[in-house]
Structure formats: structure tokens, C-alpha cells
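Peer 1: my questions concern the predicted model and sequence given below.
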Amino acid sequence: MFFLSPHAYPWDIAIAMILAGSFSLAIAADAALRSGKKGTLRRFTVSLIGLLSLSAFFLTAYGTFVEPKLLTVTQASVPLRTDRPLRIVLLADLHVGAYVQASDTERVVRRVNGLFPDMILIAGDFVASDNLDARTFSSLSPLKDLRSSYGTFAVLGNHDHGVYRTFFGVHRAPEDRSETIAEFLRSLNMTVLVNASENVTVGTDAVTIAGVDDAWSGKADLLRTLQGRTAGVPTILLSHNPDVILDPLSGEADLIVSGHTHGGQIRLPWIGPLAALPTRLGPAFDQGIFSLGRERTLVITRGIGELGPRARLFAPPQIMLLTTEPPPGFASPFGTATGGTMSSRQL
């Protein structure tokens, strides 16, 4: 149960207080209206308070209990120089822990396998906190059942290294546990790329999958990551943090896929994310597909799990199904966003 989770965060208490407070205020406003006291201004004010209180209650309840479970599949086409289309599933930010457990991971695996992907890319942040116990690994274990024609490739994120931001600054776990997580993921039949690349033969094509370590870990080495790349071979760069595009070396990759932003996690229509994104790129690169010019494309997924408040609002969990197609020869300027052109539907 939500309120009894042994790993619940202080945010859970805050959400409970918002729910209780807004509901109580709505009841009090209704009682005041029923009291029969006259006064147009007074009744308008009380009605407004009641309406705002009910809105806060229902939005909080929806964002906490409903939207985090609305696993969506977003389908989009991306340019890549291959003879035939590839179906690539992109996942990120599972954040298993108090909010995402084995049953949630199993649901993600079932949905991914139902898309019959050629390959699966996972852009890091498998865990949510420093607590690597048996429950954490059992929640990741269903990933062993992922199925694709050419395999599952993954990189680690900042949380996998135990580095993340809190109200009190940057937190670093006493020990870097990334190798422990990487070895466990490899036991689940994943190829975990740590500043490394691997060539994949796809029919008559060759595609390079390059994976750079997380930027916040201080161990990212893009030069080493790309040094095994064969000139002329299409390259997909897997990076947890989309800030990798600020490194000129990223220009050697044709397709860059990432997560980390959660799409803002809590956002409002026409306004976007309510909190600052944990990137140097800023809110213009919150989610979606972006043309970087010279036949380069950046894809940022909203990811699966939550951090901070156990809530998502207008940013539901996302599995991305990317279908490659030959580039049309466009040459857009750096940072021209086309994220709004994606179609999204629940399958």
C-alpha cells in the first residue's frame, strides 16, 4: 500500500497532506455555501475556494495513482542510413524501488515484446536510490525476458552510479555501485556499454551501437566510446543524459538516444515542466525528437519511473518505438526541435 511502503519518501507525506487538506477545504466550502448566509461576493469567494480545492484534490490523486500507471507507446520515424527499416524500442529511467517494482517491470517487458522490436536500447537509471537490496534486483529481474532480433543494449545513468541532486545539493553514494549493477544487467542477457561500442550486423547492413557512461559520474569518455567506430557505418549513440550533444564529438553519431529528463515529470499544457530540468540544455529539450542538422537526430524519452514526488502529470510513462528510414537529405540548424510531431497512443 502507498502509505505503508517501507521505502516511502517524505514526498508521500506531502502528497497525503495535500489530499487531506484540499478535500477538507472543499467540504468546508460546501458547508459554508449550505449555511444560507447571503452575499454575492462571499458566495463567489467560497465557491472559488471550493472549486480550486477540488481541482487540487483530483489533480493530485490523478497524478499520484493514475497517470504513473498509464504506460504509453509513442511511435515515430527517425532518419538512419540503413537498407531496411529497423524497429528500435527505447526505454529509460526505470527507477525500480519504492514506486516501481517487479510487477511494473513485467508489464513493461510484456508491452515491449508485443512490439516485436529489432533491438532494444535502455538509456540508464535502472534504480532509484542507494538501497541495493534483494528487492531491487528482483524488480530488475523481469528484464531478462526482453526479446528482440539483435539484442538489448544499455548504458548506466547517474542514479546507477549513486549520484543525484537533492534539496541539499549533489548527493554521492559512499561507493560507486555501478559495476555491481552493470554485472547484474549482463546476467540478464543485456549488453551494457561503458564508454564502448559494438558493431551489429543487420541483414546486409552494419550499425554501430555506442554507449557512453553517465556525465554526472565523472567517468564519461566520448572519445573512447567512439574510437572503435568504422567510418561510414551508421552510429547510434546511447547516453543517459542528453547534454552529450554539447560535446562536439557527438557529431560523429547519426542518432543519439537518451532519457534523464522524465519529460519534466510534472508539467502543465502550454507551460511545460514546472521544475527545472536536470540538464544544461534546458526546457527546450525536455522530451521528443530533435533535428540537430547534418542528418543528426536526438531522441529524449520521458522514461518509465518517477523520482521525488511519486507523481506524473501530463507526462505519462513512455516506451518509444522508433522506426528508421533513409534520411531525406535535410540540413536543419543545431537544436531545431521537432518533438511535437510525434504521435502518441496507448496500445
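Peer 2: Okay, I see it.
Peer 1: quick one: low-confidence parts of the stretch 101-250 of the chain?
Peer 2: The stretch 101-250 of the chain contains residues with pLDDT under 70 at 167-168.
Peer 1: do a quick rundown of the helices in the protein.
Peer 2: Ranges of helices in the chain, per DSSP state H, are 10-34, 40-61, 102-113, 134-140, 158-161, 178-186, 222-226.
Peer 1: ok now the fifth one, how far from the chain's centre?
Peer 2: Spelled out, that is helix 158-161. Chain-centre distance of helix 158-161: 14 Å, with C-alpha atoms, centre = their mean, to the nearest Å.
Peer 1: list phi and psi for Gly114.
Peer 2: phi -70, psi -10 (degrees, to the nearest 10).
Peer 1: state the number of residues packed around it.
Peer 2: Neighbour count of Gly114, defined by other C-beta atoms under 10 Å: 11. Any C-beta I mention is one placed from the backbone N, CA and C, and that applies to glycine too.
Peer 1: tell me how far it lies from Glu179.
Peer 2: 33 Å (C-beta to C-beta, to the nearest Å).
Peer 1: surely Val200 touches Ser148?
Peer 2: No - Val200 lies out of contact with Ser148 (C-beta atoms under 8 Å); the separation is 11.0 Å.
Peer 1: tell me the centre residue of the protein?
Peer 2: Gly303 (2.1 Å; C-alpha atoms, centre = their mean).
Peer 1: check the gap between it and Ala92 for me.
Peer 2: Taking C-beta to C-beta, one finds Gly303 at 4 Å from Ala92.
Peer 1: one step back: now render the helices of the chain as JSON lines, adding mean neighbour count.
Peer 2: Below are these laid out as JSON lines (neighbours: other C-beta atoms under 10 Å):
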{"stretch": "helix 10-34", "mean neighbour count": "15"}
{"stretch": "helix 40-61", "mean neighbour count": "15"}
{"stretch": "helix 102-113", "mean neighbour count": "17"}
{"stretch": "helix 134-140", "mean neighbour count": "16"}
{"stretch": "helix 158-161", "mean neighbour count": "26"}
{"stretch": "helix 178-186", "mean neighbour count": "17"}
{"stretch": "helix 222-226", "mean neighbour count": "19"}
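Peer 1: can you put those in a markdown table and add distance to Arg280?
Peer 2: Below are the helices of the chain laid out as a markdown table (distance: least, C-beta to C-beta, whole Å):
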| stretch | distance to Arg280 |
| --- | --- |
| helix 10-34 | 26 |
| helix 40-61 | 30 |
| helix 102-113 | 29 |
| helix 134-140 | 29 |
| helix 158-161 | 14 |
| helix 178-186 | 22 |
| helix 222-226 | 15 |
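Peer 1: between Gly303 and Ala92, what contacts are shared?
Peer 2: Asp125, Gly259, His260 (C-beta atoms under 8 Å, 6 or more residues apart in numbering).
Peer 1: among these, who's most crowded?
Peer 2: Gly259 (31 neighbours).
Peer 1: which one, of the helices of the chain, ends up nearest to Ile319?
Peer 2: helix 102-113 (5.9 Å; C-beta to C-beta).
Peer 1: by contact count, what packs against that closest one?
Peer 2: Counting contacts by 3 or more C-beta pairs under 8 Å, 6 or more residues apart in numbering; DSSP states H and E, helix 102-113 packs against strand 87-91, helix 134-140, strand 318-325.
Peer 1: can you list contacts of that helix?
Peer 2: 71, 73, 89, 91, 94, 96, 120, 138-143, 145-147, 304-305, 319, 347.
Peer 1: now which of the residues you listed would you call buried?
Peer 2: 71, 73, 89, 91, 94, 96, 120, 139-143, 146, 304-305, 319 (16 or more other C-beta atoms under 10 Å).
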